[in-house]
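Engineer: okay, here's the prediction I keep looking at, along with the sequence it came from:
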Amino acid sequence: MGNQGLFDFADLPEWEQAAQDDVQVADVVFNLPLEKPYSYSVSDNLRDILRPGMRVRAPLGRSNRHVTGYCVGIRQTSHATGRLKAILEVLDPSPLLSTEMLQLTEWIAKRYLCGWGQVLESVVPAGVRRRSGTRMILGFLLAADAEQRLSNMRLPPGQQSVVDVLRGTTAPMSVPDICEHAGCGPGPINGLRKKNLLEVVRVRSELEGETLKSTTSEPDLQINLQQQACLTAIHKAIEAQQHQTILLHGVTGSGKTEVYIQAIREIVRYGRQAIVLVPEISLTPQTIRRFGSRFQSVAVLHSHMSDSERHWQWQQIAQGNVEVIVGARSAVFAPAPHLGLIVIDEEHEPTFKQESIPRYHAREVARERCRMENIPLVLGSATPTLESWLRSQRQHDQLLSMPDRVSGLPLPPVVVVDIRNDPIIARGASVGRALQQAIRRALTDGGQVILFLNLRGYSPTVWCRKCGSGIKCPDCDLTLTWHRDRQSAICHGCDYSVPAPEECPSCQNPSVRYFGTGTQKLEEEVAAAFGEATVMRMDSDSMKKHGSHDAALERFRSGEVQILLGTQMIAKGLDFPNVTLVGVIDADSMLNQPDMRAAERTFQLISQVAGRTGRSDRGGRVIVQTSCPEDTSITFAAKHDYLGFARHELKERHELSAPPFSCVTRVIFRGLQESQVSTTACEAARQLRKATHEDPHVRILGAAPAPIARLRAYFRYHLQIAAPTEERVREIWLTVASLFQLPDGVEMAVDVDPINSR
Ligand code: ADP
Ligand code: ZN
């Protein structure tokens, strides 16, 4: 953010102030899906107060209702502005956003086709807007005529010391402050008030928060040659003071985190700050702890903070008091005044994309922010997205590789087991013969086991044996999942829940059955089969409480638990040397997702869970159960062959002109009346085709019902615009959207570069 801190006021140059005849116009954006700011005139009494980045109240629309918006720019104009409405009130004493952050949010609005005001509303935390944690208190100054009157007055000693304290200040002081400095109680202050010697003003209290200083400071590790080569390249990029995106492709356990830490060490030395984005704070306790123990001041931005904590942290960051900011995707907006580096760890994780407005991808926002600030961006992963990989292959980004584990140990052998003829699986179990034997052996040898299954609940499908239909949520086009612990069938789309349905809602027969295996059922099966071991399940149902994740991992680390099973929650970042076996229960459930990225996700997940083992000289191995053993995402993952997978998958995507070889924008329509939603979506698709029929490089797909055709009672249709560049997609959409009328009763969501096709 350049050299201008968030709370700096860059005063206008003198010559500009002198042009008094000019009228001041403020550009204001509101929390609306609009492209352009509104202009308002600024009255003389607000002239010296209003700055870009502050919120204002202003009349909006024909009804002139008073709405809060953000001032994003101030201009002088000599044109007649008689027809402009005027700003009513300025709400903030100082800008909430720096000029650079305004520029970045404007870019997001344009790139992700949403309103600038919508972006601002999402970027500035509610606690910062409300100035949570501060309140109005009374402050005291000496009255204007006090000195004159005091010259012929004798005060008691207590009152005299209060006067002495206040003589030394021009800012109002609170009662506790005065008492502390004057060494007295509140009595003398009241005495002086009664004599009218004090002026009383209302001031805002200072924010207070816990200190950011870490208690332990562990030394850096002695890095190896492979890490040194990467570090040197990153240092070079830092010194060049030019933006460069660096893709750090390092296998699991290659020591990427240590490279981030030592790269940040360098920029902290220059008095700058770094932002580290991780997929999810609660899922990466080990990584967070490592940063905490290696830097003086680390701010961890997590979702369990109160508004006032968040406000306090925001201020600490803005004042430059924080060296390293660690957080999930929204930490990319941390107001660090002298940013030196952004790191995105596990850049392939889908959580970096926000699935509500503004639907931004933190990687792209980080890239833009780093470009604006002329600093490097480091993307780290063992399994980079094909988007990032292609950019590095085309030399847009720099590629650094760490093909070996720090320990010098090989990546674990992966055995793919075809379960189609497994007699145990045929009888309805989920752990087949080979995996059972492997678990038994691992336990006998004193090792620990991780089992991965991507379906939570007890049985993923509740269905009727008589009429053969799945029992669906009344509001969604999704089959209910049986959760045995809650004795309920639950919809994973809307959380609708019913007690065990005894009869089928369609045919009324008492023939409801549960089908398939979720983590709860797996837990039961494993506990029954391996009675001697302690089994623990981790999924979003068992880990609802804040901190439960960390506590559970501690039980695993201590050895109290031998078998850890769970959803992708356990696939990330865990580093436990005693894990000698990883089992993937059902690779097919990932492969069979109706999503262009199903193969890529399967490859990533298998590689990531496989990375949890073989981390010590105890060795380790991986067993993948599947009924598609020939599938390329599985065979490449089994060989730890990222390059082979990327080459193969990119070829397929190229043939289909799919991303990353094209840019896609998805438009979703929803409403309570299906016919209205479908008509609207089809009309939009027709207009898009009409506008682009002469361009062979543009494809309009749909409109069609979305894969989840009904969600929370809304019918959903979608269409896609695919073109060679994002500029072209934007141009097409803006042309058609400006002509297109959305009827009442239908809502529309625009998702640029979607990664979710549901
Ligand atoms: P990655 O992020 O690539 O999976 P990590 O940074 O978590 O790898 O490193 C894996 C393990 O190796 C960690 O326990 C880490 O402390 C250790 N480690 C990393 N670099 C070194 C090094 N240079 N010397 C010794 N141990 C290291
Ligand atoms: Zn539902």
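Structural biologist: Perfect, thanks for sending it. Ligands and ions are numbered 1, 2, ... in the order given.

Engineer: use CA for all of it now, contacts and neighbours both
Structural biologist: Noted.

Engineer: what residues does the stretch 401-550 of the chain have near ligand 2?
Structural biologist: 473, 475-476, 491, 493-494 (CA under 5 Å from the ion).

Engineer: what stretches of the stretch 1-150 of the chain score poorly on pLDDT?
Structural biologist: Within the stretch 1-150 of the chain, the stretches with pLDDT under 70 are 1-21, 35, 79-82.

Engineer: the residue nearest the centre of the chain and E349, how far apart?
Structural biologist: Nearest to the mean C-alpha position of the chain, by CA atoms, centre = their mean, lies R329 at 2.6 Å. Distance of R329 to E349, computed by CA to CA, to the nearest Å: 11 Å.

Engineer: cool, A722 as well?
Structural biologist: 23 Å.

Engineer: quick one, which of the two is more surrounded?
Structural biologist: Using other CA atoms under 10 Å as the criterion, A722 and E349 rank with A722 on top: 25 against 20.

Engineer: which of the three states applies to that one?
Structural biologist: Assigned with DSSP: H, G, I helix; E, B strand; the rest coil, A722 falls in the strand class.

Engineer: what's near enough to touch it?
Structural biologist: For A722, the contact set (CA atoms under 8 Å, 6 or more residues apart in numbering) comprises 662-665, 698-701, 729.

Engineer: do K36 as well
Structural biologist: Applying CA under 8 Å, 6+ apart to K36 gives the contacts V29.

Engineer: next one: the one 3 residues further on
Structural biologist: Contacts for S39 (CA under 8 Å, 6+ apart) come out as 25-28, 84-85.

Engineer: format those as JSON lines; extra columns: distance to R433 and secondary structure.
Structural biologist: As requested, these are exported to JSON lines (distance: CA to CA, whole Å; DSSP: H, G, I helix; E, B strand; the rest coil):
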{"residue": "V25", "distance to R433": "75", "secondary structure": "strand"}
{"residue": "A26", "distance to R433": "71", "secondary structure": "strand"}
{"residue": "D27", "distance to R433": "68", "secondary structure": "strand"}
{"residue": "V28", "distance to R433": "66", "secondary structure": "strand"}
{"residue": "L84", "distance to R433": "77", "secondary structure": "coil"}
{"residue": "K85", "distance to R433": "76", "secondary structure": "coil"}
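
Engineer: which of those residues sits closest to N578?
Structural biologist: Comparing the contacts of S39 against N578 with CA to CA places V28 closest, at 57.9 Å.

Engineer: on that earlier part again, reformat the contacts of A722 as JSON lines; add distance to ligand 1 and pLDDT.
Structural biologist: Output for the contacts of A722, formatted as JSON lines (distance: CA to the nearest ligand atom, whole Å; pLDDT from 0 to 100):
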{"residue": "S662", "distance to ligand 1": "31", "pLDDT": "93"}
{"residue": "C663", "distance to ligand 1": "31", "pLDDT": "94"}
{"residue": "V664", "distance to ligand 1": "31", "pLDDT": "94"}
{"residue": "T665", "distance to ligand 1": "33", "pLDDT": "94"}
{"residue": "V698", "distance to ligand 1": "40", "pLDDT": "93"}
{"residue": "R699", "distance to ligand 1": "40", "pLDDT": "93"}
{"residue": "I700", "distance to ligand 1": "41", "pLDDT": "93"}
{"residue": "L701", "distance to ligand 1": "39", "pLDDT": "91"}
{"residue": "V729", "distance to ligand 1": "36", "pLDDT": "94"}
